[in-house]
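Asks: Dropping the sequence and predicted coords here.
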Amino acid sequence: MSERALTIPNTSSLPISIPCRDGVILGGHIWTAETAKPHGSVIVNPATGVLARYYHRYAQFLVRHGFDVLTFDYRGIGQSRPVKLRGAGYRWRDWGERDFDAALQWLISHRRSDPLMVVGHSVGGFLPGLAEHAPMIDRMLTVGAQYAWWGDYMPSRRATLFLKWHVAMPALTAFCGYFPGRRLGWLEDLPKGVANEWSFRGPRFERSHPKSERAEALRRMAAVKATILAVAVSDDELGTVPAIRRTLGYYTGAQRQSVLLHPADFGRDAIGHFGLFHDSFKSSFWTDTLSWLREGLNPWSSAKIMETQIE
């Protein structure tokens with residue numbers, strides 16, 4: 001624990017600036033529990049094209065239950081968006097190698113207590129493996145964690161999603177110089193590099209790296225030693241069971257558990273890719289996550305899915 005932790009006021013939320021090693025400054029918030037000894041420190045990693053503020057209510061929930069929480073926007077998004085997004089050379093891998101790593105270093109140097117944890121939604125559950133300092137993470141909870149290879153999409157929705165994200169998105173990105181998602185109501189605007197990595201990535205994520213960098217990317221993923229609980233939802237069209245397995249297959253050095261939840265488990269007709277972070281799940285899913293974050297206990301142990309594997 002760093003002495004710098006004493007610089008964080010005992011307040012519910014404080015805006016912060018997070019410097020990355022390449023000079024980019026990210027916007028975020030630190031949410032501080034009103035207790036002298038928190039249960040731990042948590043970073044919430046957003047999904048692609050989702051503002052950090054979407055997770056603020058979950059952060060507030062964790063704070064009320066005794067955790068310190070850091071939320072932030074990746075470069076090109078929300079509080080970390082430059083004046084001009086057109087032509088910005090930001091890539092998906094930058095969000096892991098630079099942005100998440102910077103957020104992780106910030107929390108390491110300011111944290112008031114261990115363990116050090118990550119809650120990662122969608123690509124936010126994959127990006128930690130690209131960060132140099134990821135071996136310092138103690139525990140991770142991932143929700144729908146994947147990197148959007150079209151072959152893992154829900155079969156009944158695969159053709160529609162392929163046309164949307166792998167035909168329309170790259171075409172619009174080429175025309176505009178960035179992806180105008182907000183105008184379309186398709187998430188937030190995305191930097192060109194991020195949109196194109198999504199559109200053109202294949203079944204092996206490292207093949208989007210130059211050949212000389214692929215071994216290092218795989219080494220970093222394997223260096224993560226955290227215990228990971230990966231949540232899949234049966235009606236998630238993106239974070240399917242094959243997609244979750246594909247992501248977990250890269251975390252070869254981690255202790256991994258995976259569970260498949262169903263809308264009926266929560267008395268719902270549908271949940272999808274985003275629903276679990278809606279505050280209507282405060283008394284159910286959110287409360288369940290406390291067992292994992294506090295004690296490393298899987299609250300859905302009866303919902304385990306098959307051993308992780310990767311093609």
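Replies: Perfect, I can see it now. Numbering: from 1, shown residues only.
Asks: For the residue nearest the centre of the chain, which non-adjacent residue is spatially closest?
Replies: For the chain, the residue lying nearest the average C-alpha position, counting by C-alpha atoms, centre = their mean, turns out to be Gly124 (1.4 Å). Nearest residue to Gly124, sequence neighbours excluded (C-beta to C-beta, 6 or more residues apart in numbering): Asn45, at 3.0 Å. No exception for glycine: its C-beta is placed from N, CA and C like everyone else's.
Asks: need the contact list for the one you found.
Replies: Shown in contact with Asn45 (C-beta atoms under 8 Å, 6 or more residues apart in numbering): Phe100, Val118, Val119, Gly120, His121, Gly124, Gly125, Leu127, Pro128.
Asks: From the residues you listed, pick the one nearest Gly144.
Replies: Minimum separation from Gly144 among these (C-beta to C-beta) is found for His121, which lies at 6.5 Å.
Asks: Which pLDDT value does the model give the residue nearest to Gly124?
Replies: pLDDT recorded at Asn45 is 98.
Asks: With Ser13 instead?
Replies: In this prediction Ser13 is given a pLDDT of 85.
Asks: tell me the contacts of it?
Replies: His29, Ile30, Trp31, Thr32, His56, Gln60.
Asks: for Arg256, same thing?
Replies: Arg256 sits next to Thr227, Ile228, Ala230, Leu248, Thr308 when contact means C-beta under 8 Å, 6+ apart.
Asks: can you put those in JSON lines and add pLDDT, distance to Ser301 and secondary structure?
Replies: Output for the contacts of Arg256, formatted as JSON lines (pLDDT from 0 to 100; distance: C-beta to C-beta, whole Å; DSSP: H, G, I helix; E, B strand; the rest coil):
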{"residue": "Thr227", "pLDDT": "97", "distance to Ser301": "14", "secondary structure": "strand"}
{"residue": "Ile228", "pLDDT": "97", "distance to Ser301": "15", "secondary structure": "strand"}
{"residue": "Ala230", "pLDDT": "97", "distance to Ser301": "13", "secondary structure": "strand"}
{"residue": "Leu248", "pLDDT": "96", "distance to Ser301": "17", "secondary structure": "helix"}
{"residue": "Thr308", "pLDDT": "45", "distance to Ser301": "16", "secondary structure": "coil"}
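Asks: From the contacts of Asn45, pick the one nearest Trp198.
Replies: Proximity of the contacts of Asn45 to Trp198, judged by C-beta to C-beta, is greatest for Leu127, which lies at 12.9 Å.
Asks: what's the farthest-apart pair in the contacts of Ser13?
Replies: Taking C-beta to C-beta as the measure, the contacts of Ser13 span a maximum distance of 13.8 Å, between Thr32 and His56.
Asks: secondary structure class for the residue nearest to the centre of the chain?
Replies: Taken by DSSP: H, G, I helix; E, B strand; the rest coil, the conformation at Gly124 corresponds to helix.
Asks: show me what contacts it?
Replies: Contacts of Gly124 were listed using C-beta under 8 Å, 6+ apart, and they are Val44, Asn45, Pro46, Ala47, Thr142, Ala145.
Asks: Can you give me the pLDDT of it?
Replies: 97.
Asks: neighbours around Met221, how many?
Replies: The local packing of Met221 (other C-beta atoms under 10 Å) involves 23 other residues.
Asks: Just give me how far the particular helix or strand that has it in it sits from the chain centre.
Replies: Following DSSP states H and E, the helix or strand that holds Met221 is helix 211-223. Mean C-alpha position of helix 211-223 versus that of the full chain (C-alpha atoms, centre = their mean, to the nearest Å) differs by 19 Å.
Asks: can you check stretch 43-62 too?
Replies: The chain centre lies 9 Å from the centre of stretch 43-62; the measure is C-alpha atoms, centre = their mean.
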